[in-house]
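1. Return a 3D structure for these sequence lines:
(2 chains)
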Amino acid sequence: MADAELIGVTKRFGETVAVDNVSLSVRDGEFVVLLGPTGAGKTTLLRLFAGLEEADHGTVRIAGHDVTDEPPAARDVAFVFQQYSLYPHYSVFDNLAFPLRAPGRKRPESEIKKRVTEIAQMLRIGAKLKNRATQLSGGEMQRVSIGRALVRSPNLFLMDEPLSSLDAKLREELRAELKRIQQELGATVIYVTHDQLEAMGLADRIGILSEGKLVQLAGPRTIYEEPVSVTAAQRLGNPAINLLRPGDMGLPDGPMGAARAGVRPEDVRVGTVGGIPAKVINIEHLGADMVALMEVGDQTIHALLTTDQAIHEGDGTTVTVRPGAPIWFDQHDNRIH
Amino acid sequence: MAEIALDSVHKAFGSFTAVRPTSFTVRDGEFFVMLGPSGCGKTTTLRMMAGLELPTSGRILLDGEDVTWKRAAERDIAFVFQLFALYPHMTARRNINFPLRLSGMGRREIKERTEEVARLLRIEPILDRSVSGLAAGDRQRVALGRAIVRRAKAFLMDEPLGALDAEFRELMCEELRVLHNRIGATTVYVTHDQLEAMAMADRICVMNHAEVLQIGPPTEVYAKPATRFVAGFIGAPAMNFLPADGNLPAGATRVDVRGGTIDVPPTRAPLPTAAVLGARPEHIVVGAQGPLRGMVTAVDYMGARQLITVETLAGSLKVRAPNDVRVRDGENVSLSFLTDHLSVFDAATDRSVTIEPQNG
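-> Sure thing, here's the model as predicted:
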């Protein structure tokens, strides 16, 4: 395993700047998740590490070496794609063994067998080694395709939404397994997703991307509690952070230059004495929690509540914001400390 | 007014039973969600309500009138397939009133109806703009407008949000539900996504293997699941299941799991063989004292909450805690359980013995 780094990398496609002067340093053994909406530049960043795209400016370093001009094969990275691409006519064993039998990397068969069995056990597909790839369920196929990346011990794993084609239950299960395996192997992983729960569940650090720029790179808790900008604040948290005007809803005016206040839904108190009048326009149940959508003056806000609160659609109620909760932003949407 | 009743409806395709004899009533104005894994029979049930499939036996009543043998077009029910496909070269207005123009309605009425729908959806200012230039949220509202402009008695929707990405799906869930709150039309909505069901439904109907397992409001189905399948299918992360000793009479108030004895609500039926204790992650508390000990193996930060994995003799348990609870990997902790919220299942039948026995 190794560290990996982008230094001032820019990538354009015609007029579009897909990656805009990004510097990003991933430590050996670290799990970094790149999170952002479609078109933020996540996948392009990953492809720049892999050598599938060439940088217009800047340097790509892997394991301490400048690989900017190296072809993909020389970088020793393993790529896992969203769509599993298995050889349908091969057995699971042969699919997993494929990278070890590649010309130039060929290992003795006894070693291959040992390694494939080991990885298959780790991914809990040990019993399926003789099956054809086409006889597997979707979840098993994606395990095999992750396994095929794991059999080698590359410098770096690059994963592009590998779980997004799976259903919710399976995704949750594989997410936990992926994290466990990464820790066991001490693997360096750069992982792309637009699913914030996946990002928070997997990442040592999350890189928030927006319009080709790296907005913030930090641990999940830091980004959630101390976002550097409105963009970063909106990326984590479900429902998303409420954006209010200073002075609204009993908020103070905030520090000098405050233009907006971010209030997390769990910091909105409902039914408190002396609160601002509000009307409940919808209740969504999430199981352990519920989300109330409320009209307050000309704004709507979300509150995250526990299910023991007796509150219903159409109710009139009051809201207050927990003191100390607002995160203040200036007119350029940057956080004011 | 539109109430949809199924009376012993059963559907077989050859020797395959798609829906076992099923009776329930979708109430007027209700948002009714049919939830289950793929192949459970939920879409077949919906298609029978719509008249796109005929039941093998049983009756379907729309407002008390037997419509079992009426064709789809005669039922005055709107079946919403592709909620989100718009005609990109048309204006919002022409997209919305497309179904009315097809039906040959008069110009003035079309105009009135379209504008009424636009008011409802708060999209009057964009009515005459081309949909290709609209923001995504507005496009979805236009699509919704097209679905409701016909004023059908009921809307039947088959995974209408399935093609959207997660973030947008959440937005649209809320949008759909808020719209429903305004117009109050009976809606039957099919999905395999439990979060969607929980978020939108007045009542959820959970199906598995061609059988209805439970019908109830989201909070009830979540808090008092009738079977182990329902308990496991609803809620993420899923309910923890701990194998427990059986041979207990009705009225038992504690069960033995490996490593400890847990207080439970009084059981309403005997447990002859083995039992399974069900505890949702938010109903387990990490602390210094409690009936079960374990070691923390993972702490996942989830924003407002965190998820703590604890390895115990009874298995690996997930605990949901506020994010100000600070524990570390490798720490030894005790777990206590919120007795009133626990479920006990009969391991032989998978049925809950915590709730009142249900018929069917």
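2. and residue 6, how many neighbours?
-> Looking at chain A here, since you left the chain open. Using other C-beta atoms under 10 Å in any protein chain shown, A:Leu6 is surrounded by 23 other residues. In short, each C-beta sits where N, CA and C put it, glycine included.
3. To clarify, I was referring to chain B.
-> By the criterion of other C-beta under 10 Å, B:Leu6 has 23 neighbours.
4. Now the closest residue to B:Arg94 other than its chain neighbours: which helix or strand?
-> Closest residue to B:Arg94 apart from its sequence neighbours, by C-beta to C-beta, 6 or more residues apart in numbering or on different chains: B:Tyr87 at 7.4 Å. Assessed by DSSP states H and E, B:Tyr87 sits outside every helix and strand.
5. and chain A, which of its residues are near chain B?
-> Those residues of chain A that sit near chain B, judged by C-beta under 8 Å from any C-beta of the partner chain, are A:37-38, A:167-169, A:172, A:176, A:179, A:194-197, A:200-201, A:219-221, A:224, A:236-239, A:264-266, A:281-282, A:284-289, A:291, A:293, A:304, A:307, A:313-314.
6. beta partners for the closest residue to B:Pro217 other than its chain neighbours?
-> By the measure of C-beta to C-beta, 6+ apart, the closest residue to B:Pro217 outside its immediate chain neighbours is B:Arg203, 5.6 Å from it. Applying DSSP bridges to B:Arg203 gives these bridge partners: B:Phe32.
7. From B:Leu35, how far off is B:Arg203?
-> 11 Å (C-beta to C-beta, to the nearest Å).
8. which SS state does the residue nearest to the spatial centre of chain A fall under?
-> Nearest to the geometric centre of chain A sits A:Ala199, at 3.2 Å (C-alpha atoms, centre = their mean). When classified by DSSP: H, G, I helix; E, B strand; the rest coil, A:Ala199 comes out as helix.
9. Do I have it right that it meets A:Gly219?
-> No. With contact defined as C-beta atoms under 8 Å, A:Ala199 does not reach A:Gly219; the gap is 11.2 Å.
10. which residues are in contact with both of those two?
-> Counting by C-beta atoms under 8 Å, 6 or more residues apart in numbering or on different chains, the shared contacts of A:Ala199 and A:Gly219 are A:Ile206.
11. Please identify which of B:Arg203 and B:Leu35 sits among more neighbours.
-> B:Leu35 (28 against 19).
12. And for residue 16, the neighbour number?
-> Went with chain A since none was named. 11.
13. My question was about chain B, not that one.
-> 8.
14. mind checking how far it is from B:Gly39?
-> 10 Å.
15. ok, back up a step: how about the contacts made by the residue nearest to B:Pro217?
-> Contacts of B:Arg203 (C-beta under 8 Å, 6+ apart): B:Glu30, B:Phe32, B:Val33, B:Ile215, B:Gly216, B:Pro217, B:Pro218.
16. Just the pLDDT at the last one, thanks.
-> Right, B:Pro218. Per-residue pLDDT puts B:Pro218 at 95.
17. What parts of chain B come near chain A?
-> B:165-167, B:170, B:173-174, B:177-178, B:181, B:192-195, B:198-200, B:218-219, B:222-223, B:234-238, B:280-282, B:298, B:300-305, B:307, B:309, B:320, B:323.
18. In terms of secondary structure, what does the helix or strand harbouring A:Ile206 contact?
-> Element membership for A:Ile206, per DSSP H and E: strand A:205-210. For strand A:205-210, the elements it packs on are strand A:31-35, strand A:213-218, helix A:220-225, helix A:230-235, judged by 3 or more C-beta pairs under 8 Å, 6 or more residues apart in numbering or on different chains; DSSP states H and E.
19. Just say which of the ones you listed is most tucked in.
-> strand A:31-35 (a mean of 24; mean count of other C-beta atoms under 10 Å in any protein chain shown).
20. Sheet-wise, list the partners of that one with their directions.
-> strand A:189-193 (parallel), strand A:205-210 (parallel).
21. roughly how far out does the helix or strand just after it sit from the chain middle?
-> Scanning forward in sequence from strand A:31-35 by DSSP H and E, the next helix or strand is helix A:42-50. Counting by C-alpha atoms, centre = their mean, to the nearest Å, helix A:42-50 is centred 14 Å from the centre of its parent chain.
22. can you tell me which residues contact the spatially closest residue to A:Leu286 that is not a sequence neighbour?
-> Nearest residue to A:Leu286, sequence neighbours excluded (C-beta to C-beta, 6+ apart): B:Met198, at 6.2 Å. B:Met198 is in contact with A:Glu284, A:His285, A:Leu286, A:Gly287, B:Ile204, B:Pro218, B:Tyr222, B:Ile234, counting by C-beta under 8 Å, 6+ apart.
23. Compare those residues and tell me which is most surrounded.
-> Using other C-beta under 10 Å as the neighbour test, the contacts of B:Met198 are led by B:Ile204, with 29 neighbours.
24. Compute the distance between that residue and B:Ile4, please.
-> 16 Å.
25. can you pull up the bridge partners for B:Leu156?
-> With DSSP bridges as the rule, B:Leu156 is bridged to B:Phe79, B:Val188.
26. Give the full set of residues in contact with it.
-> B:Leu46, B:Met49, B:Ala50, B:Ile77, B:Ala78, B:Phe79, B:Val80, B:Thr187, B:Val188, B:Tyr189.
27. Leaving out sequence neighbours, find the closest residue to the third one.
-> It stands for B:Ala50. When the adjacent residues along the chain are set aside, B:Ala50 lies closest to B:Phe79, with 4.7 Å between them (C-beta to C-beta, 6+ apart).
28. Next secondary structure element downstream of the helix or strand hosting B:Leu277?
-> Assessed by DSSP H and E, B:Leu277 sits inside strand B:275-279. Heading C-terminal from strand B:275-279, the first helix or strand you meet, by DSSP H and E, is strand B:284-287.
29. show me where pLDDT drops low in the stretch 51-200 of chain B?
-> B:81-84, B:163-167 (pLDDT under 70).
30. switch to 80 and redo it
-> Scanning the stretch 51-200 of chain B for pLDDT under 80 picks out the ranges B:80-85, B:135-137, B:140, B:160-172.
31. ok, which stretches of it are helices?
-> B:92-96, B:98-102, B:107-121, B:136-148, B:166-183, B:194-200 (DSSP state H, counting those that start in this stretch).
32. by how many degrees do the fifth one and helix B:107-121 diverge?
-> To tie it back to what came earlier, the one meant is helix B:166-183. Here helix B:166-183 points in a direction 120 degrees away from that of helix B:107-121 (axes from the mean of the first three to the mean of the last three C-alpha atoms, to 10 degrees).
33. Give the other helices and strands that helix B:166-183 contacts.
-> strand A:276-285, helix B:107-121, helix B:136-148, helix B:194-200.
34. Can you point out the buried residues in the first one?
-> Just to be clear, that refers to strand A:276-285. Within strand A:276-285, the residues that count as buried by 16 or more other C-beta atoms under 10 Å in any protein chain shown are A:Ile276, A:Ala278, A:Val280, A:Ile281, A:Asn282, A:Ile283, A:Glu284, A:His285.
35. average pLDDT across whichever helix or strand comes after that strand?
-> Note on strand A:276-285: by DSSP H and E, the next helix or strand toward the C-terminus is strand A:289-296. Here strand A:289-296 scores 94 as its mean pLDDT.
36. do the same with stretch A:77-93
-> Across stretch A:77-93, pLDDT averages out at 86.
37. just stretch B:343-360 next, same as before
-> pLDDT averaged over stretch B:343-360 gives 85.
38. ok, and for it, which residues are buried?
-> Residues B:Ser343, B:Val344, B:Phe345, B:Asp346, B:Ala347, B:Asp350, B:Arg351, B:Ser352, B:Val353, B:Thr354, B:Ile355 are the ones in stretch B:343-360 that count as buried (16+ other C-beta under 10 Å).
39. for the strand or helix carrying A:Glu172, what is the average pLDDT?
-> Secondary structure from DSSP H and E places A:Glu172 in helix A:168-185. For helix A:168-185, mean pLDDT is 83.
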